[in-house]
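>>> turn this into a structure:
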Amino acid sequence: MNEVQGSAQEIFGVVFVELINPGGGSPRLPGWTTRLWPVARLGDQTLEARPSGGSVSRGGVDDLLRQLRGAGLTPLGVRLRPQVLSASRP
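Got it, this is the predicted structure:
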């Protein structure tokens, strides 16, 4: 996993997951570049993520959620950027 450094104003992610993170640390998520925000509507943090390889698929989002659960975090809600949704429709 790569963590993004830089401007907090710049949105880079394509997937946003609100989650409960009991340990508060950054999970290792192979294949994803991420940034944790200490603000969430539903839980402790919001994870902003994009696949390291480029485009996102439904299977990729499911894999991300499995990795989060495996790291002891509880995903509560998932949002995709609108551009991603419209680009993935047939």
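
>>> the residue nearest in space to the middle of the chain in helix, strand or coil?
Nearest to the geometric centre of the chain sits residue 49, at 3.6 Å (CA atoms, centre = their mean). Classification of residue 49 by DSSP: H, G, I helix; E, B strand; the rest coil places it in strand.

>>> and it, what does it touch?
Taking CB atoms under 8 Å, 6 or more residues apart in numbering, we find residue 49 in contact with 13-17, 29, 32-35, 64. Glycine gets a C-beta too; all of them are placed from N, C-alpha and C.

>>> looking at the residues you listed, spot the one nearest residue 55.
Comparing the contacts of residue 49 against residue 55 with CB to CB picks out residue 14 as the nearest, at 8.5 Å.

>>> could you say which helix or strand holds residue 34?
Element membership for residue 34 (DSSP states H and E) is strand 32-37.

>>> next one: residue 61
helix 58-70.

>>> work out the gap between that helix and the centre of the chain.
Between the centre of helix 58-70 and the centre of its chain there are 9 Å (CA atoms, centre = their mean, to the nearest Å).

>>> what is that helix packed up against?
strand 15-20, strand 45-51, strand 74-80 (3 or more CB pairs under 8 Å, 6 or more residues apart in numbering; DSSP states H and E).

>>> tell me which of the ones you listed lies nearest to residue 39.
The nearest among the helices and strands packed on helix 58-70, by CB to CB, is strand 45-51 at 6.3 Å.

>>> quick one: strands adjacent to that closest one?
Using DSSP bridges, the strands paired with strand 45-51 are strand 15-20 (antiparallel), strand 32-37 (antiparallel).

>>> looking at the ones you listed, which has the lowest confidence?
Of all the strands paired with strand 45-51, mean pLDDT reaches its minimum on strand 32-37 (a mean of 89).

>>> quick one, that strand and helix 58-70 angle?
Orientation of strand 32-37 against helix 58-70 (axes from the mean of the first three to the mean of the last three CA atoms, to 10 degrees) gives an angle of 60 degrees.
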